[in-house]
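In: here is a sequence with its predicted model. Questions after.
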Amino acid sequence: MAAFACRRAEPLPSYGVVPDFTLIDQTGTPFQGSSLNGKIWVADFVFTNCPGPCPRMSSLMHQIQTATASLPAVKLISFTVDPSRDTPSVLLAYANRFHAEAGRWFFLTGEAKDLNRLSKDAFHLSETSADSTKLDHSTRFVLIDRHAQIRGYYGISDPGSTARLIEDIRSLAKDPS
């Protein structure tokens, strides 16, 4: 039994690299994806007038923010899938509704084609084409490590997935590489 306790956990898989991007945050400030280099971060795709899973996802993201409060270098990124409605001021009100910590949890908007490209090609979450204006998003969180490597997907309907995500964040935080 003691030998099992000392065995190192399997490393998290790698599902690809998130490329650099430039969008606008909830304060209207340009946000460069490269500002996340060296940081562990969690991403999701939501929209503020979503009648379905988005409020639940944002509540869970708030739980993640709270659970990782002792790890201030962990960032949370919520991308909108409805940039025509989700202006910076709308995103700021939504961020306030979910008690997003300034400087840790960012809500990003930009051109629909750029957001769709990120969702489909970078995060592998959507079937929406980059030139589509269709509202389409996943109900999964994505964990990204310090090197922009995607390390895990966590569905909100999977029992225990938020706890696993928090555990995986802590595991990555202990690994200095």
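Out: Here it is on my side, so go on.
In: let's check: the centremost residue of this protein is which one?
Out: residue 43 (0.8 Å; C-alpha atoms, centre = their mean).
In: tell me which helix or strand comes right after the host helix or strand of that residue.
Out: Assigned by DSSP states H and E, residue 43 falls within strand 41-46. Sequence order places helix 54-67 as the next helix or strand after strand 41-46, per DSSP H and E.
In: helices or strands next to the helix or strand just after that next one in the packing?
Out: Beyond helix 54-67 in the direction of the C-terminus, DSSP H and E gives the next helix or strand as strand 75-80. Judged by 3 or more C-beta pairs under 8 Å, 6 or more residues apart in numbering; DSSP states H and E, the packing partners of strand 75-80 are strand 41-46, helix 54-67, strand 105-108. From N, CA and C alone the C-beta is placed, and that goes for glycine too.
In: if we go to 6 Å?
Out: Contact here means 3 or more C-beta pairs under 6 Å, 6 or more residues apart in numbering; DSSP states H and E; on that basis strand 75-80 packs against strand 41-46, strand 105-108.
In: list just the one of those strands that sits closest to residue 26.
Out: Residue 26 sits nearest to strand 105-108 of all those, at 4.3 Å, using C-beta to C-beta.
In: for the closest one, which outside residues touch it?
Out: Residues from elsewhere that reach strand 105-108 (C-beta atoms under 6 Å, 6 or more residues apart in numbering): 23, 25-26, 31, 65, 76-79, 91, 95.
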